[in-house]
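[1] Build me a model:
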Amino acid sequence: MDLEIDMSELAGRSYKCIDRCGVCCLCQPELLPDEIKAFEADPDLKKGLVRRPIAGEGSEVRTQLDLQGGCGACVFMKDRGCTIYEKRTHFCRQYPIHIHSMRRIQLNANLSCRGVTAGGMSLLGYALNILKATPIERLEVGLARTSKDADEFDGLCRDAGVYQPPERLVSVAGALIPILGKEDGIGRLITVIEDAPPFGDMAQKDVLEVIRTAEVADDLVDEANQGNYEQFELDEIAWLPYYIGEDLVWNVFQSNDGAIDWMVLEEDGTLSLKEKIDIEGIGLLRRDADCLRIFEDYAKLLVSRDHTLGRAYNICDALDYGTDLMNVYLGVLGTTMIDLWWRASLVGRLTGRTVIDKWLAEEGIKAFDADCLDAETIGLFL
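    Residues are numbered from 1 along each chain as shown. The predicted structure is shown next:
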């Protein structure tokens, strides 16, 4: 199989692991078959394996590493350092790179990792070393599976009359980005998506004109608050959104009785409540020119990611193919951007800021991108 591998997202980025950050150790890595055998054969490593991960039903084979206290750091972390560094899993070695498979292989950078913007080595060079260490068979098997899923999805969309070629979806979204870069652009897109016009039958210029001339809904802030409150309304602590600030404190957030509980997570899984934040007190902060530019660049990144397409495909499937794929895809783009805006506003609330400037926009992306990449897709992260 000829593999198409896109690494364009990594170009021009650098990476340096930050000592005692540990954000990657809050994830629960799934082991490859050869890693499972190696861990099972070592009594000290075997103790860290668990059958039931934080998501799903688990299996008869222990395939994942346990978390301290069920929601803290990896069981092999101590004093913010890895105790099995030379034997760490492929997931740990890849981070902050994610290998996404759908119709091709694409490498994404997890921008919630503070090390991605800390200078140091070329992230592209780092990724090339990861690919060299990745068995080609693993990529081929993953791509064969996800290509089949994508082809089946296309067929179901055509049968339902909601199909749009991925090239058209990306073209329209790319042309929309300058509108999203304006102060009221995200609000206009959200308003239009709720009205559900027949975008699938429109020419690209007509789609853009409908969005450009739309009114911004009066309840945009309420929608942002409600949508994000629901995203934070999770019982499983290990699933909750987190934010690692410049002080490297592990902040986690949970919806609770009309407020957002701002908590600090410790390595052993203990939590301490820092503050209850009234959901009405977050809203959407004003964005300055630097923020608008950074958010526009993030929108370009979203359009370039196959994962964004995969999210739209997954939602279209969940809607039983009753909504045109163009509407679904632009809806994903719009809701993702307003969620980023809200997340940056939350970080602003934590840090006492009232305007989203360059610093706060970049911190908002750090607080948001991991959750964005965690969203369900018909693709697969290898």
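[2] after the longest helix anywhere in the chain, next one along is what?
    Counting by DSSP state H, the longest helix found in the chain is helix 325-351. Counting by DSSP states H and E, the next helix or strand C-terminal to helix 325-351 is strand 355-356.
[3] from the chain's centre, how far out does that following strand sit?
    Distance of strand 355-356 from the chain centroid (Cα atoms, centre = their mean, to the nearest Å) equals 22 Å.
[4] Run through who's touching that strand.
    L285, R286, R287, D288, C291, W341, A344, S345, G348, G364 (Cβ atoms under 8 Å, 6 or more residues apart in numbering). Every residue, glycine included, has its C-beta placed from N, CA and C.
[5] same check, this time on stretch 282-293
    Contacts for stretch 282-293 (Cβ under 8 Å, 6+ apart): 181-183, 220-221, 224-225, 228, 260, 295, 338, 341-342, 344-346, 348-349, 353-358, 360-361.
[6] Filter the residues you listed down to the buried ones.
    Buried members of these, scored by 16 or more other Cβ atoms under 10 Å, are 181, 220-221, 224-225, 228, 260, 295, 338, 341-342, 344-346, 348-349, 353, 356-357, 360-361.
[7] what's the burial count for G69?
    For G69, the neighbour count with other Cβ atoms under 10 Å is 17.
[8] do L139 as well
    Look at L139: counted by other Cβ under 10 Å, it has 18 neighbours.
[9] what's the answer for K300, then?
    Look at K300: counted by other Cβ under 10 Å, it has 15 neighbours.
[10] same check, this time on the one 10 residues further on
    Other residues within reach of G310 by the criterion other Cβ under 10 Å amount to 25.
[11] With G125 instead?
    12.
[12] got the CA positions of the helix or strand hosting it in CSV?
    Per DSSP H and E: G125 is located in helix 123-132. Output in CSV follows, covering the C-alpha atoms of helix 123-132 (Å, rounded to 0.1, in the frame of the first residue of the first chain):
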residue,chain,number,x,y,z
LEU,A,123,8.9,19.4,15.6
LEU,A,124,9.0,18.0,12.0
GLY,A,125,12.3,16.4,12.7
TYR,A,126,10.9,14.9,16.0
ALA,A,127,8.0,13.5,14.0
LEU,A,128,10.2,12.0,11.4
ASN,A,129,12.1,10.0,14.1
ILE,A,130,8.7,8.8,15.4
LEU,A,131,7.7,7.6,11.9
LYS,A,132,11.0,5.8,11.5
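[13] So what touches that helix?
    For helix 123-132, the surrounding residues in contact (Cβ under 8 Å, 6+ apart) are 5, 7, 10-11, 13-15, 93-94, 97, 99, 107, 109, 116.
[14] give me that answer again for 6 Å
    If you take Cβ atoms under 6 Å, 6 or more residues apart in numbering as the criterion, helix 123-132 is touched by M7, L10, A11, R13, S14, Y15, Q94, I97, L107.
[15] Could I get the buried residue list for it?
    Using 16+ other Cβ under 10 Å as the test for burial, helix 123-132 gives L123, L124, Y126, A127, I130, L131.
[16] next helix or strand past the helix or strand harbouring G187?
    Using DSSP H and E, G187 maps to helix 185-195. Toward the C-terminus, helix 185-195 is succeeded by helix 204-212 as the next helix or strand (DSSP H and E).
[17] I'd like the next helix or strand past that next one.
    Moving toward the C-terminus from helix 204-212, the first helix or strand encountered (DSSP H and E) is helix 220-231.
[18] Which SSE is immediately downstream of that following helix?
    strand 242-244.
[19] Mind listing what's buried along stretch 34-42?
    For stretch 34-42, burial by neighbour count (16+ other Cβ under 10 Å) applies to E35, I36, F39.
[20] mind giving me a markdown table with those and columns for secondary structure?
    A markdown table is the format used below for the buried residues of stretch 34-42 (DSSP: H, G, I helix; E, B strand; the rest coil):
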| residue | secondary structure |
| --- | --- |
| E35 | helix |
| I36 | helix |
| F39 | helix |
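[21] Pick the one among these closest to R305.
    The shortest approach to R305 among the buried residues of stretch 34-42 belongs to E35, at 27.3 Å (Cβ to Cβ).
[22] For K78, grab the count of nearby residues.
    13.
[23] begin at 18 from here
    Fine by me, first position is 18 from now on; the one you just mentioned is K95.
[24] so what's the residue nearest to it when sequence neighbours are not counted scoring on pLDDT?
    Nearest residue to K95, sequence neighbours excluded (Cβ to Cβ, 6 or more residues apart in numbering): E284, at 7.7 Å. Confidence at E284, expressed as pLDDT, is 96.
[25] How about R69?
    61.
[26] what's the answer for D235, then?
    pLDDT, D235: 82.
[27] Distance check, it against T208.
    Separation of D235 from T208 (Cβ to Cβ, to the nearest Å) stands at 10 Å.
[28] Equivalent analysis for G202, please.
    Distance of G202 to T208, given as Cβ to Cβ: 11 Å.
[29] which residue of this protein sits farthest from its center?
    What lies farthest from the middle of the chain is P60; by Cα atoms, centre = their mean that is 34.8 Å.
[30] how close does it get to F270?
    38 Å.
[31] Can you tell me, leaving aside adjacent residues, what's nearest to L160?
    Spatially, and ignoring its direct neighbours in sequence, L160 is nearest to S118 (5.0 Å; Cβ to Cβ, 6+ apart).
[32] R97 too?
    Nearest-residue entry for R97: R37, 4.0 Å, with adjacent residues in sequence omitted and distances by Cβ to Cβ, 6+ apart.
[33] sorry, back to before: next one: the helix holding G142 to chain centre, how far?
    The chain centre lies 21 Å from the centre of helix 140-149; the measure is Cα atoms, centre = their mean.
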